[in-house]
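*Asks:* Give me coordinates for this.
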Amino acid sequence: MSAAQPAPDASAQAERDDQVRLLQDSVTAFAAGRLPLARARKLRKAQPEFDPAMFEELAGQGWTGLLLPEEFGGFGLGFAEARVVIEGLAAQLAPEPLVPVAVLAAGALRRCAKSAQRDELLGALAAGTVVPGVVWQNVAGSLELEQPPFSAVPAGEGWTLEGEARFVRPGSGATVYLLLASTPQGVALFVVEPGSSGLEVKHEAQADGTSLARLKATKLRVNAAAALTLARADLAAALDEALVMNAVELLALITRMRAMTLDYLKTRVQFGKAIGSFQSLQHRSADMLIQEELTRAVVGQAVAALDADLPQHKRSSMASRAKARAAEAAMSIAREAIQLHGGIAVTDEYDLSLYVNRVLSLVPWLGNAQAHRRRYVRLNPPVAGSEG
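*Replies:* Reported below is the predicted structural model:
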């Protein structure tokens, strides 16, 4: 079922739930067998930061094209299906950029006006042979789209671009960039290859060994076919989808960090007893569980909102709500996990550090908790005289 389809009846929903469970089992088995934590540890600080062959293997499973229409080699499924794939891969710290590419880039491209360039990119994305990075955020990190980071002016039969942007994922390994620029007709995404004359790309290292890209265009010339027409509202919709799936990634990390901490409390012995038997630590463990379950509920509501094809205002509100909750809970549980593990938690050899560093990298992307609380209030301003 695609995100644009009406809500299914009870029997159709039950059938879909069964399909989602089967997909979840498949993802769990794949991740356990093909994506061990040792692999994530080995790929830290690599260039590119993920394995292109593995990305194509994920495409072979159909996971890069889950949200794309069948005409482009996708499956036309919904966000409930995308959630279980992203959650399963994130739990194993797979560095392959599924959310930036299969959600954000795919969502932006499929909303662009039809063209040969767009269709070719969508087909290659579903096949895993192209890895687009969407370049939309200015150097200040604003979440607004009114002022694109680049400007494009007509030049002969093409365009000349100027501007600078940051916080692009994947930071390394993108095979093509989609630069958001203002034009005399509105806004457009411009397809630009790495290494193009006039394009400077810098990599900004993240805590987990991945990176963000910073791009600067100086008299960057592109041909007319490189411009893909896209409305701001359509890009905003794709960003909301990526926000929710980013929250799904954080939920997967939360679940793993809490599980690792609970196991440690059961096995670490002090004064002849497992430290998990101490009441104060039980209370802190219970607080972690509450944070996880609250996040799971909010993220689940946001995923359902995407599949229900609600009005954009509602989807945006739910997306910011999910990201704010997931980001805050992830940071809180990371701190608690470190404290409850004691000194072992900060050693690089212990796997908890891998999860904590991934949290530190994913929380700021697309806006942290504070930024999305502010966005939520802008979208839903308090009514004078209202209670609560």
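*Asks:* Low-confidence stretches in this protein?
*Replies:* For the chain, the stretches flagged by pLDDT under 70 are 1-8, 276-277, 384-388.
*Asks:* Which parts of it are strands?
*Replies:* 132-135, 150-155, 158-168, 176-183, 186-192, 199-205, 211-223, 227-229, 269-270, 273-274 (DSSP state E).
*Asks:* quick one: buried residues of stretch 353-369?
*Replies:* Using 16 or more other C-beta atoms under 10 Å as the test for burial, stretch 353-369 gives 353-359, 361-363, 365-369. Every C-beta, even on glycine, is put in place using the N, C-alpha and C of the backbone.
*Asks:* Just put the strands of the chain in a markdown table and tack on distance to A247 and mean neighbour count.
*Replies:* Converted to a markdown table, the strands of the chain look like this (distance: least, C-beta to C-beta, whole Å; neighbours: other C-beta atoms under 10 Å):
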| stretch | distance to A247 | mean neighbour count |
| --- | --- | --- |
| strand 132-135 | 18 | 27 |
| strand 150-155 | 28 | 18 |
| strand 158-168 | 17 | 20 |
| strand 176-183 | 23 | 22 |
| strand 186-192 | 24 | 22 |
| strand 199-205 | 23 | 14 |
| strand 211-223 | 19 | 19 |
| strand 227-229 | 27 | 21 |
| strand 269-270 | 36 | 10 |
| strand 273-274 | 33 | 12 |
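*Asks:* Quick one: closest of these to A12.
*Replies:* Closest approach to A12 among the strands of the chain (C-beta to C-beta): strand 132-135, 33.0 Å.
*Asks:* Note down every partner strand of that closest one and its orientation.
*Replies:* For strand 132-135, the paired strands and their directions (DSSP bridges) are strand 176-183 (parallel).
*Asks:* Now tell me what touches stretch 25-43 from outside.
*Replies:* With contacts defined as C-beta atoms under 8 Å, 6 or more residues apart in numbering, stretch 25-43 is touched by 49-51, 54, 57, 61, 63, 84-85, 87-89, 91-95, 209, 351, 354.
*Asks:* List buried residues within the residues you listed.
*Replies:* Neighbour counting with 16+ other C-beta under 10 Å marks 49-51, 54, 61, 63, 84-85, 87-89, 91-95, 209, 354 as buried within those.
*Asks:* domain assignment for this protein?
*Replies:* 10-130, 133-230, 233-379 (automatic domain parsing).
*Asks:* Quick check: the gap between the residue nearest to E157 when sequence neighbours are not counted and D234.
*Replies:* Once flanking residues are discounted, E157 sits nearest to A224: 5.6 Å by C-beta to C-beta, 6 or more residues apart in numbering. Using C-beta to C-beta, to the nearest Å, A224 is found at 21 Å from D234.
*Asks:* Counting neighbours, go ahead and name the busier of those two.
*Replies:* The neighbour comparison of A224 against D234 (other C-beta atoms under 10 Å) goes to D234, with 18 against 11.
*Asks:* Check the contact between the more buried one and R111; I expect there is one.
*Replies:* Yes - here D234 reaches R111: they are 3.8 Å apart, a contact under C-beta atoms under 8 Å.
*Asks:* how many neighbours does D240 have?
*Replies:* D240 has 24 nearby residues by other C-beta under 10 Å.
*Asks:* Count the residues that sit near the closest residue to it other than its chain neighbours.
*Replies:* Among residues not flanking D240 along the chain, A319 sits closest, at 4.0 Å (C-beta to C-beta, 6+ apart). Applying other C-beta under 10 Å, we find 29 residues neighbouring A319.
*Asks:* which residues touch A319?
*Replies:* 240-241, 243-244, 247, 302.
*Asks:* and it, how far is that from L235?
*Replies:* In terms of C-beta to C-beta, A319 sits 13 Å off from L235.
*Asks:* and if you look at A32?
*Replies:* Taken as C-beta to C-beta, the span from A32 to L235 is 36 Å.
*Asks:* just checking, L243 touches A322?
*Replies:* Yes - with contact defined as C-beta under 8 Å, L243 counts as touching A322 (7.0 Å).
*Asks:* okay but M318 is in contact with G300, surely?
*Replies:* No - under the criterion of C-beta under 8 Å, M318 makes no contact with G300, lying 10.5 Å away.
*Asks:* Those two - which one has more neighbours?
*Replies:* M318 (26 against 15).
*Asks:* Which of the residues in the longest helix seen in the chain are classified as buried?
*Replies:* As assigned by DSSP state H, the longest helix anywhere in the chain is helix 232-267. If you call a residue buried by 16+ other C-beta under 10 Å, then helix 232-267 has these buried ones: 234-258, 260-262, 264-265.
*Asks:* Could you do stretch 300-319 as well?
*Replies:* 302-308, 315-319.
*Asks:* Please export the C-alpha coordinates of that stretch as CSV.
*Replies:* Only the C-alpha atoms of stretch 300-319 are listed here, as CSV (Å, rounded to 0.1, in the frame of the first residue of the first chain):
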residue,chain,number,x,y,z
GLY,A,300,4.2,4.9,15.8
GLN,A,301,1.7,7.7,15.6
ALA,A,302,3.9,9.6,13.3
VAL,A,303,4.4,6.6,11.0
ALA,A,304,0.7,6.0,10.9
ALA,A,305,0.2,9.7,10.0
LEU,A,306,2.4,9.4,7.0
ASP,A,307,0.6,6.3,5.8
ALA,A,308,-2.8,7.9,6.4
ASP,A,309,-1.9,10.8,4.0
LEU,A,310,-3.1,13.4,6.5
PRO,A,311,-2.9,17.1,5.6
GLN,A,312,0.6,18.5,5.4
HIS,A,313,0.2,20.6,8.6
LYS,A,314,-0.7,17.6,10.6
ARG,A,315,2.1,15.5,9.1
SER,A,316,4.7,18.2,9.9
SER,A,317,3.4,18.6,13.4
MET,A,318,3.6,14.8,14.0
ALA,A,319,7.1,14.7,12.4
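*Asks:* mind checking how far that stretch is from the chain centre?
*Replies:* Using C-alpha atoms, centre = their mean, to the nearest Å, the mean C-alpha position of stretch 300-319 is found 16 Å from that of the whole chain.
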